[in-house]
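>>> 3D, please:
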Amino acid sequence: MKIYFAGSIRGGREDIGIYAQIIKMLQKYGEVLTEHVADPNLTSNGELNLTEEQIYIRDTDWIKESDLIVAEVTHPSLGVGYELGLAEKLGIKTICLYRATPNTRLSAMIRGNKSYQVYDYKDISEVSEILLKYFRSLI
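Numbering: from 1, shown residues only. Next up is the predicted model:
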């Protein structure tokens, strides 16, 4: 299974540690095409060794070849939103993980979209159980 993990890059890197943990969990279930999202050297400036067009082409190609999109959507990100819209258009199964914080509220465009399975969590330890239940349901 090919998994595309989406998380904020230019929208903020506050949750990079959480992204790394989620990617590690996902690797139990398949190939994560976007491990770089958790790279501690990747700042909110994005990838500097590729042009923006190269990033767009690479990422949209990865989405097209993915069996599953998993997006951590706590921090609003235009890029993640775009990726989710493309996944919906292509009919790719999509999981959105959202951690409520005092200053955040998930967009109705995500929570209200029946194309996405949205899971709320309070602690990263809950994500492991969410993913286990999801992947067990596929069997």
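>>> Could you pull out the buried residues of stretch 31-46?
32-34, 37-38, 42 (16 or more other C-beta atoms under 10 Å). Every residue, glycine included, has its C-beta placed from N, CA and C.
>>> now the strands for the chain?
Taking DSSP state E to define them, one finds strands in the chain at 2-6, 31-32, 68-72, 93-98, 116-120.
>>> So which bits of the fourth one are buried?
Neighbour-count burial for strand 93-98 flags 94-98 (criterion: 16+ other C-beta under 10 Å).
>>> just stretch 132-139 next, same as before
Result for stretch 132-139 [16+ other C-beta under 10 Å]: buried residues residue 134.
>>> shift numbering so it begins at 8
Got it, the first residue is 8 from now on, which makes the last one we talked about stretch 139-146.
>>> From the chain's centre, how far out is that stretch? Work that out for me.
Its chain's C-alpha centre and that of stretch 139-146 lie 18 Å apart, by C-alpha atoms, centre = their mean, to the nearest Å.
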